[in-house]
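Undergrad: Build me a model from this:
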Amino acid sequence: MAKSSYTSQQHQDHSRYLDILKEDFEKKFQQCSDIKKSREDFDTIKAIGNGAYGEVYLVREKSSFSYHAMKVVEKKVVVERKHVKHLLIEKKILESIKFPFLINLDCSFKDNVYLYFILPFIAGGELFFYLQKYGNFCDELSKFYAAQVVLALEYLHHCHIIHRDIKPENILVAENGFLKLVDYGFCKVIQKKTWTLCGTPEYLAPEVILSKGYSYPVDWWALGVLIFEMNAGFPPFFDSEPSKLYDKIINNQYKCPDIFDGECKNLIKSLLQLEPTKRLGSLKSGVYDIKSHRWFRDTEWSKLLHQELEPPFKPVTSSAGDTSNFPDVPEHKLVSGEECLYEKEFMDF
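TA: Numbering: from 1, shown residues only. Reported below is the predicted structural model:
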């Protein structure tokens, strides 16, 4: 059995690199953005997505002609759901992170009714789109994508950030074939544990369902679910009834298809450990245990980090503003208001 080429010395070198990035993150997290833009600076081209708080549009900046994704959030919805604090933290994280496989904020602004996040436009679309299109991925492609998610989570955890919503819908495939992890709505900066029930049902770790205090291991559980779904085309735990789905998760009722690579099965089993302290990524050696796992034995982590590898797959895009990899979604007309709503609540936005 071939061993991993990832050594403890490489891991130590990478940890020092992460220390530098963490210092940069913490510095930016304490600063206020000084980029001043408004909705009038952008031409809205079309809607490309919708979420819990509003729509996402493809826009083009009038001065530079560069394309961006504009996430529009209605203030009223955020306040009614008591998610003001969450949204402000999401903005701070978006402003502060800098990592190859994570989306970051270009700028943000607000008007009387809405909050606006201007983000890079990733023309390749969602990983979920390709899972639906092709059914599942080959082992090589799943491994390529999983390794990037590992690096992204390693960086986030190093900065004391827990993601809590890893899933194919929150991963974009860039035109160059590499990934961008997006949507930090459930992200939280933590020191020890948190108790909030949040996330996507099929990806929830058992300790979240059981209302136990939880921490970074929930992201490693989600990685195990993601690897399974990329290879199989469906998640390991699923049921139309939430209560039955949760029963399957807390009883660890899943079975890997026979087509799965043996080492892949072993990694999934090690990540889908019911006890968080026994879960790979959460043991004494931390993420080193994942990166040195035999399934990743041919992964060149440093070259991957610097995007020096040739991706096994690249999305088809005709231009920088091509939206063909996004589904058609109904477009809601943005309203204007003469009164500034919730001015106090969003004073720091």
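Undergrad: contact partners of stretch 186-200?
TA: With contact meaning C-beta atoms under 8 Å, 6 or more residues apart in numbering, stretch 186-200 is reached by 29, 86, 89-90, 93, 156, 159-165, 167, 208-209, 211-215, 218, 222. From N, CA and C alone the C-beta is placed, and that goes for glycine too.
Undergrad: Selecting buried members of these in PyMOL, what would you type?
TA: Command for PyMOL that selects the buried part of those, burial taken from 16 or more other C-beta atoms under 10 Å:
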select buried, resi 29+86+89+90+93+156+159+161+162+163+164+165+167+208+209+214+215+218+222
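Undergrad: How about the secondary structure of Lys265?
TA: Assigned with DSSP: H, G, I helix; E, B strand; the rest coil, Lys265 falls in the helix class.
Undergrad: Model confidence score at it, please.
TA: Lys265 carries a pLDDT value of 97.
Undergrad: how about stretch 239-250: buried residues?
TA: Buried residues in stretch 239-250 (16+ other C-beta under 10 Å): 245-246, 249-250.
Undergrad: For this protein, give me the ranges with low pLDDT.
TA: Along the chain, the model assigns pLDDT under 70 to residues 1-4.
Undergrad: Now do the strands in it.
TA: All strands of the chain, identified by DSSP state E, fall at 42-50, 54-61, 67-74, 107-110, 114-120, 161-162, 171-173, 179-181, 188-189.
Undergrad: helices or strands up against the fourth one?
TA: When you say that, I think you mean strand 107-110. On a contact count with 3 or more C-beta pairs under 8 Å, 6 or more residues apart in numbering; DSSP states H and E, strand 107-110 meets helix 84-96, strand 114-120.
Undergrad: List the pairing partners of it within its sheet, with orientation.
TA: Strand 107-110 pairs in its sheet with strand 114-120 (antiparallel), by DSSP bridges.
Undergrad: Alpha carbons only: can I get the strand it pairs with in PDB?
TA: As requested, the backbone C-alpha atoms of strand 114-120 are provided in PDB (Å, rounded to 0.1, in the frame of the first residue of the first chain):
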ATOM      1  CA  TYR A 114     -31.400  46.700   1.200                       C
ATOM      2  CA  LEU A 115     -27.900  45.600   2.100                       C
ATOM      3  CA  TYR A 116     -25.600  44.800  -0.800                       C
ATOM      4  CA  PHE A 117     -22.600  42.400  -1.000                       C
ATOM      5  CA  ILE A 118     -20.500  42.800  -4.200                       C
ATOM      6  CA  LEU A 119     -18.500  39.600  -4.700                       C
ATOM      7  CA  PRO A 120     -16.400  38.100  -7.500                       C
END
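Undergrad: List the contacts of that strand.
TA: Residues from elsewhere that reach strand 114-120 (C-beta under 8 Å, 6+ apart): 37, 39, 42, 54, 59, 68-75, 78, 87, 91, 94, 103-110, 180, 182, 334, 346, 349.
Undergrad: How is this protein divided into domains?
TA: For the chain, the structural domains run 39-120, 127-305, going by automatic domain parsing.
Undergrad: Show residues contacting stretch 293-305.
TA: 1-6, 10, 14, 100, 143-144, 147-148, 151, 261, 263-264, 266-267, 270, 280, 290-291, 309.
Undergrad: That one: end-to-end distance?
TA: Its first and final residues considered, stretch 293-305 spans 17 Å by C-alpha to C-alpha, to the nearest Å.
Undergrad: before we move on, what about stretch 102-114?
TA: End residues of stretch 102-114 are separated by 25 Å (C-alpha to C-alpha).
Undergrad: for the stretch 201-349 of the chain, what spans make up the helices?
TA: Ranges of helices within the stretch 201-349 of the chain are 206-209, 217-232, 242-250, 262-271, 288-291, 301-305, based on DSSP state H, counting those that start in this stretch.
Undergrad: if we can go back for a sec, okay, the helices and strands packed on strand 107-110 in CSV with distance to Gly286 next?
TA: As requested, the helices and strands packed on strand 107-110 are exported to CSV (distance: least, C-beta to C-beta, whole Å):
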stretch, distance to Gly286
helix 84-96, 21
strand 114-120, 30
